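Engineer: The sequence and its predicted three-dimensional model are supplied below.
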Amino acid sequence: MNKFFSNNTRSEERLGHISQEYTDSRNSSKVSNPFLNILWFACHFCFYLIQQVAEIFAPLFLVIGIIWKLLPAITSSLIAIISSSDPQTGELVKHGGNLIPHSIMIAGHSLTAGKLIFDGVLLIMLTALCATVTVYLGRKL
């Protein structure tokens, strides 16, 4: 009985010593290379900043694009309903519906409802990509 317990404690000591060496070598390699730490800080900062900006603008672009896409259809159905009851009011609503632009030019760039929706989806994909790259770099570095 006594031999069994003494062998068990020796093997536990050996395992503890081996695991301690392994964790020490992993920790020392992470701390000893300041270039990798600086690279990790810079990458994490850039990807996290991109992720935060994309998380702010993606829902905004999606909501504005969807509302802008649905607005002409809603006004045309309102025109049909109102013009059947009162033709003069129908003409006013039709004039108001024609004021909704199909595209807007901002600094030489054409914005449409479809482009805003597409940009919102792209920003969501960019957010997922940045989060994935940050986790991957965190595990590698």
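Structural biologist: Cool, the structure landed. Numbers count the residues shown, from 1 in each chain.
Engineer: residues near the nearest residue to residue 133 once chain neighbours are set aside, how many?
Structural biologist: Once flanking residues are discounted, residue 133 sits nearest to residue 47: 5.6 Å by CB to CB, 6 or more residues apart in numbering. C-beta here means a position set from N, CA and C on the backbone, and glycine is covered the same way. When neighbours are counted by other CB atoms under 10 Å, residue 47 registers 19.
Engineer: residue contacts, residue 47?
Structural biologist: Going by CB atoms under 8 Å, 6 or more residues apart in numbering, residue 47 touches 130, 131, 133, 134, 137.
Engineer: So it versus residue 79, what's the distance?
Structural biologist: Going from residue 47 to residue 79 by CB to CB, to the nearest Å gives 48 Å.
Engineer: Could you do residue 135 as well?
Structural biologist: Residue 135 is 51 Å from residue 79, by CB to CB.
Engineer: Pick out whichever of these two has more residues nearby.
Structural biologist: residue 79 (20 against 11).
Engineer: doesn't residue 90 make contact with that one?
Structural biologist: Yes. Shown here, residue 79 and residue 90 form a contact pair, counting by CB atoms under 8 Å, at 5.9 Å.
Engineer: Show me where this structure dips below the pLDDT cut-off.
Structural biologist: Counting by pLDDT under 70, the chain contains low-confidence ranges at 1-32, 141.
Engineer: And the strands in this structure?
Structural biologist: Counting by DSSP state E, the segments of the chain that form strands are 103-106, 109-112.
Engineer: ranking the ones you listed by burial, who's on top?
Structural biologist: strand 109-112 (a mean of 12; mean count of other CB atoms under 10 Å).
Engineer: ok, that one: who's next to it in the sheet?
Structural biologist: strand 103-106 (antiparallel) (DSSP bridges).
Engineer: count of residues packed around residue 136?
Structural biologist: Residue 136 - counted by other CB under 10 Å - has 10 other residues nearby.
Engineer: Kindly report the same for the one 3 residues further on.
Structural biologist: Residue 139 has 7 neighbouring residues, counting by other CB under 10 Å.
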